[in-house]
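Enquirer: need a 3D model of the following:
(one chain, ligands or ions: 1)
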Amino acid sequence: MTSLLYQIPLAQLEAFRGRDLIVRSALPNHLVAQVRDEDFANLAYIQLCELPGDIDALMHWAEAIPIDLPMRHPARDFTSLYRYAKLLNNHPVRVSLPVEAGFENAVKLASSLHFQIRLLLGQPQPARIDALAHLLEDYLHRPRVTQPIEPFHSLLLGFCHAQPVSLWAIQEEDPKLIRHIDDQGQEHLPGRLAETNAETGAETDQGLIFEDFVATWSNRLLAENAECADCPFLSACQGYFKWPERDYDCTGVKALFDTLKQAGDELRQDLAAASPGAGAGP
Ligand code: SF4
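Expert: Okay, the predicted model is just below:
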């Protein structure tokens with residue numbers, strides 16, 4: 001059974017020490033001072049909030065510990081990636097950014113600098129769907145993209161190997177797997193759910209409890225005979241794109257799923273053809 005991952009502020013490290021953690025801070029010097037060697041075994045990654053100016057303290061600290069850079073305003077901040085590229089010498093570094101106007105420039109630069117990328121998809125509008133489709137095309141067919149772009153990467157592997165995948169899990173938004181801890185130590189739903197927590201409190205009271213949130217949500221959409229009811233990608237998506245606006249039109253995201261499914265099928269066939277013995281006669 002997978003243990004729960006807690007996404008905590010550095011100030012809560014003492015209280016959560018020993019559990020599986022993502023530790024966030026805007027102050028690299030404080031991370032270096034307070035995260036101990038014995039914490040590394042339980043540390044999934046550290047998250048640098050607010051794109052800190054001075055990252056030198058991290059350069060030779062905790063080598064190979066992954067770092068996440070949340071870029072809240074990709075169109076404005078993407079050139080700052082040049083400053084963080086030196087971290088790649090000693091750490092896997094992922095840039096997490098929202099799919100909003102201008103995000104594609106940030107993705108292209110991050111890819112060319114060899115950062116991993118996590119796209120915070122939300123409910124992408126039609127103009128962003130076009131940009132996502134172009135990025136996906138690049139990801140699938142341009143060899144210069146060498147690092148994973150999530151959720152494309154995990155969905156592609158899932159389709160290729162015909163294994164179950166969950167978009168909620170890939171996006172680190174399944175409350176069964178991960179919890180967000182605030183500065184006061186209070187537990188919240190993760191990712192974009194944390195932001196809508198207050199508004200959706202009533203729904204939480206109705207049964208969208210933490211552990212069963214995703215199953216309850218997707219079952220509710222099915223019971224309402226929402227668009228998900230006959231969606232071929234329900235098992236991977238589980239109503240991800242119907243949150244929070246249930247009337248979100250999934251035409252665009254289903255086309256992205258379809259591209260990934262076709263690419264996964266082709267990859268599986270290519271791997272089978274290339275495996276030892278393929279094509280050998282009796
Ligand atoms: S892609 Fe849209 S319709 Fe399909 S399962 Fe996801 S949210 Fe439902």
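
Enquirer: which residues sit in contact with the closest residue to Phe115 other than its chain neighbours?
Expert: In this structure, Phe115 finds its nearest non-sequential neighbour in Val95, 4.9 Å apart by C-beta to C-beta, 6 or more residues apart in numbering. From N, CA and C alone the C-beta is placed, and that goes for glycine too. Val95 is in contact with Asp68, Leu69, Met71, Leu81, Ala106, Ala110, Phe115, Gln116, Ile117, Arg118, counting by C-beta atoms under 8 Å, 6 or more residues apart in numbering.

Enquirer: return the backbone torsion pair for Val95.
Expert: The phi/psi pair for Val95 (degrees, to the nearest 10) reads phi -100, psi 120.

Enquirer: for the one 10 residues further on, same thing?
Expert: Per-residue torsions, Asn105: phi -70, psi -40 (degrees, to the nearest 10).

Enquirer: contacting residues for it?
Expert: Residues in contact with Asn105, defined by C-beta under 8 Å, 6+ apart, are Pro74, Ala75, Phe78.

Enquirer: then Arg19?
Expert: Going by C-beta under 8 Å, 6+ apart, Arg19 touches Ser3, Leu4, Tyr6, Asn42.

Enquirer: derive a PyMOL selection command for the buried subset of the contacts of Asn105.
Expert: Of the contacts of Asn105, the buried ones can be selected in PyMOL as follows, counting by 16 or more other C-beta atoms under 10 Å:
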select buried, resi 74+78
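
Enquirer: can you list the contacts of Asn105 in CSV and add secondary structure?
Expert: Listed next are the contacts of Asn105 as CSV, based on DSSP: H, G, I helix; E, B strand; the rest coil:
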residue, secondary structure
Pro74, helix
Ala75, helix
Phe78, helix
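
Enquirer: adding distance to the ligand, write the contacts of Asn105 out as a markdown table.
Expert: Formatted as a markdown table, the contacts of Asn105 follow (distance: C-beta to the nearest ligand atom, whole Å):
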| residue | distance to the ligand |
| --- | --- |
| Pro74 | 24 |
| Ala75 | 26 |
| Phe78 | 28 |
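
Enquirer: so which residues of the stretch 1-150 of the chain form strands?
Expert: Along the stretch 1-150 of the chain, counting by DSSP state E, counting those that start in this stretch, strands occupy 5-9, 20-25, 43-48, 67-70, 93-98, 116-120, 149-150.

Enquirer: who touches the first one?
Expert: Defining contact as C-beta under 8 Å, 6+ apart, one finds that strand 5-9 is touched by 16, 19-25, 44, 47, 172, 177-183, 190.

Enquirer: now do the contacts for Val253.
Expert: When contacts are counted by C-beta under 8 Å, 6+ apart, Val253 touches Leu121, Pro124, Ile129, Cys237, Phe241.

Enquirer: is it fair to say it lies in a helix?
Expert: Yes - assignment of Val253 by three-state DSSP places it within a helix.

Enquirer: for Asp138, which non-adjacent residue is closest in space?
Expert: Val145 (5.9 Å).

Enquirer: what sits against the one you found?
Expert: Applying C-beta under 8 Å, 6+ apart to Val145 gives the contacts Ser111, Asp138, Tyr139.
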